[in-house]
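K.L.:
Sequence and predicted model, in that order:
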Amino acid sequence: MAYEAKEIEKKWQEIWLKNGEFEPKDDYSLPKKYILSMFPYPSGKIHMGHVRNYTIGDAMARYYRNQGFNVLHPIGFDSFGMPAENAAIKHNIHPRVWTYENIDYMIKELDSLGLSFSKKRLLATSDPLYTKWEQEFFIKMYEKGLVYRKNAIVNWCEHDKTVLANEQVEDGKCWRCGHEVIQKNMPGYYLKITDYADELLNDLKKLEGKWPPQVITMQENWIGKSVGLEFFLKFDEESKNLLDGIPGFKVFTTRPDTIYGVSYTAVAPEHKVVEKLLNKNLLDEKTTKKIKSILKQSPRQRQESDKDGVFLNLYVIHPLTNEKIPVWLANFVLADYGDGAVMAVPAHDERDYEFASKFNLAIKQSIKPQNGKYDSSKAFIDDGILVNSDEFTGLKSKDAREKIIAKFENLGIGKKVENFKLRDWGVSRQRYWGAPIPMIHCKTCGLVPEALENLPVTLPEDIKITGEGNPLDKHPTWKRCSCPKCHKEAVRESDTLDTFFESSWYFARFASDEKTWQSSAFDEKSVNYWMNVDEYIGGIEHAILHLLYARFFQKALRDLGYLRDSEPFSNLLTQGMVLKDGAKMSKSKGNTVDPDEIIKKYGADTARMFILFAAPPAKELEWNDSAVEGAYKFLNRLYDRSINVYKTNDIPKINHASLNKEEKYARLKVYEALSRANEVYTKSFAFNTLIAASMEALNALNSQNNQDVLTEGFWIILNLLEPIVPHIANELSDELFNRKNFSKIEILDEVFVKDALNLAVTVNGKRRAEIEVDKNLSQDEIISLAKEKAAKWLENKTIIKEIYVKEKLVNLVIK
Ligand code: ANZ
Ligand code: ZN
């Protein structure tokens, strides 16, 4: 009989499905584990990254199930989004049809990997029953002031008539049609994630040690809290008059200690002062043209291009020295950070330095290094000692910052402030395949939320998708509706939600009993039992946005009374990328390996084993055909060797003392592997070490004629490896041991007891040698062996004392 992976795998997958073995139990008195791998986008086929993601989660889920935990291990599809519309255009297929066909196919693929998902909780975020609840959240958030509508600058493709995300702008051009992207002021809906900035930042501390440190750092940087001084700069009389009495503008600085080094100020191109100058036509033609060309660029393009700007012919007064300071417009000043204007200190800031060098502006030193020499050929950006700074000269940067802030506060011209990089989250998309934003525009009542009893607002089926404009907006009748307030004719909002909205709460939906999905967003009892997610597994590419939005939703839904906890994911594992020939596997590089092909050729267990063996989960994994072969060979050996294992319903009882050396060694290897399991499956996730230990154990068993040792070894190895290679493990366990259950196996200490002792030999307390002796020797015998070994140090000496410290050392005292 040879190892027939395909047959075995099909058989067990059918048994599992039929018995519903992976459904969570309703018994909430059981200890629980919620294991979640990030759900996929239904692109049409799974790739190796998916295989890795779901195999890692599956190994954890199976292990905990084996240990008697009630396990929730669900799967769903993040099924709204752009690719379905692209497919619609390209293949003339309805986005819904394309999406659901892909889902069906991908479920089959996932099943063929033997993943232990709950099938009853399967969901797709494009289901109206999912949309319904998120539309309710949207309305509740709107009523609470967490959603608002505003005009803002967006990337706009004039050809496709659509808003583009920053990632969809390539070299300033539309990723789809190649047309130039412009900056357009457009109305849209925003989520007030900034209300939670402090909490999102502070709660990261709770995740230390449980989330990868680099993810915590990325979140911190994205939230980007800065503390500094905000103060007012007054225009000189002439400038003020030119600007119809605008008295000045505010700036924000994190380095008030450098204030005596200010040699110019710079405002963002969108700054109200610039707007005034343009409106009043106060600038010459060349300057105006330059400003307009900078305005056309996206903030990102501006950051990527060389420093540029223009002098605005305006001056402000330095608040401490009363000097006249020129005002420039600069492309590196962000309109929406701080106050959209900076005090520039070229001597101590790199961007300011570059700009000053380009336009020949003064560079004034106001900080000197605490040690070492000041180098005027570049910006000195570290803290130091103040120079040329009046009463503050000689202070350390840190102390000076406090004193200068205090001075501004006393003078009433500035204050200490906190600024965040985090921006409110724009959720409007001008697309068809998304959740409709449940708002209504009424001529009488203004913006009105749809009535809750009318939810979900669903998408029309009869739609033309051309890639131009928003299909919902162009639909002949869909937009017409009646106002929930005054019942007059009104117009439905045609923007749909950013798909990050859906992925921000699916984990809590999974945690609710599926029997309640029709009637409520969450089932309180089950959500309180299952949440939080104990292990969340996914790609590092989600380290910022998805995780931040999900954390925000958890807090916002808590405050709306839907959920209890403040953080959704107790532990996070970010899996490394799957590479081939050193590069990330991707269609565009043409270096992908199709999981279906591997499964067809070797079976799912080989694929799973290779993936978990080739690298620790958090590290990059280099594809290796011969290592895949290696995994396959190992499983074949396991299968072949099982022929000599006898059938039993119990683990064999063995008298360890009666075994010979080889038998003892084989047992030691088996138990060494066993003793790793718990740590590997629940903490380190270093599956590779467990697999390596199991391979060693199988090797040691290979030359084993002792049937008890061999059978016990198989009993244990199959148990250990079940979460990794479930099909073969279940097949052999069932066949040999009539066993369906892989519960804990007791670790026997006797196996680890060694017969030989390693003793140190010391002479006058100095370590001189080591001896390996049989445990059963007498003290005299041991001492004489020690003397032999240390003979070199005993020559021509008299031994005056011999000391044996049991099982540790022999000390010889000489004269
Ligand atoms: C003067 C100064 C001197 C600065 C110095 C730095 C070093 P973070 O840490 O990111 O908060 N800044 C303020 N508003 C800005 C805007 N809208 N666009 C671009 N830059 C802006 O950065 C704060 C620093 O970034 C501020 O401190 C300001 O430059 C600049 F030796 O003020 B600093
Ligand atoms: Zn109305």
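P.N.:
Looks like it arrived, so ask away. Ligands and ions are numbered 1, 2, ... in the order given.
K.L.:
and the stretch 451-600 of the chain, which residues reach ligand 2?
P.N.:
Applying CB under 5 Å from the ion, one finds that the stretch 451-600 of the chain approaches ligand 2 through 483, 485, 486. Glycine gets a C-beta too; all of them are placed from N, C-alpha and C.
K.L.:
If any of those residues are buried, put those into a PyMOL selection.
P.N.:
The buried residues among these can be selected in PyMOL (16 or more other CB atoms under 10 Å) with this line:
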select buried, resi 483
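K.L.:
The residues of the stretch 451-600 of the chain next to ligand 2 in strands, which ones?
P.N.:
Counting by DSSP state E, no part of these is found in strands.
K.L.:
give me the subset of the residues of the stretch 451-600 of the chain next to ligand 2 touching ligand 1.
P.N.:
Taking CB under 6 Å from any ligand atom as the test, ligand 1 is in contact with none of these.
K.L.:
closest to residue 551 among the residues of the stretch 451-600 of the chain next to ligand 2?
P.N.:
residue 485 (34.3 Å; CB to CB).
K.L.:
which one is that closest one nearest to, not counting chain neighbours?
P.N.:
residue 445 (4.5 Å; CB to CB, 6 or more residues apart in numbering).
K.L.:
From residue 673, how far off is residue 689?
P.N.:
Separation of residue 689 from residue 673 (CB to CB, to the nearest Å) stands at 9 Å.
K.L.:
How about the contacts made by residue 628?
P.N.:
598, 602, 606, 607, 610 (CB atoms under 8 Å, 6 or more residues apart in numbering).
K.L.:
and of these, the nearest to ligand 2?
P.N.:
Nearest to ligand 2 among the contacts of residue 628: residue 607, at 58.2 Å, using CB to the ion.
K.L.:
Give the helix, strand or coil label for that closest one.
P.N.:
At residue 607 the chain is in helix, as set by DSSP: H, G, I helix; E, B strand; the rest coil.
K.L.:
Comparing residue 689 and residue 673, which residue is more hemmed in?
P.N.:
With neighbours defined as other CB atoms under 10 Å, residue 689 and residue 673 compare such that residue 673 has more, 26 against 16.
K.L.:
From the contact counts, what lies against the strand or helix carrying the more buried one?
P.N.:
According to DSSP states H and E, residue 673 maps onto helix 661-679. The contact analysis (3 or more CB pairs under 8 Å, 6 or more residues apart in numbering; DSSP states H and E) places helix 661-679 against helix 687-702, helix 707-721.
K.L.:
Got a quick PyMOL command for the buried subset of the contacts of residue 628?
P.N.:
Buried members of these, defined by 16+ other CB under 10 Å, are picked up in PyMOL with:
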select buried, resi 598+602+606+607+610
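K.L.:
Turn the contacts of residue 628 into CSV, columns for pLDDT and distance to residue 735.
P.N.:
Listed next are those as CSV, based on pLDDT from 0 to 100; distance: CB to CB, whole Å:
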residue, pLDDT, distance to residue 735
598, 96, 25
602, 98, 21
606, 98, 19
607, 98, 22
610, 98, 24
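K.L.:
thinking again about what came up before, out of the helices and strands packed on helix 661-679, which comes closest to ligand 2?
P.N.:
Between ligand 2 and these, the shortest separation by CB to the ion is 59.8 Å, and it involves helix 687-702.
K.L.:
Quick check: which helices or strands does that closest one pack against?
P.N.:
Using 3+ CB pairs under 8 Å, 6+ apart as the contact definition, the elements that helix 687-702 packs against are helix 604-613, helix 625-641, helix 661-679, helix 707-721.
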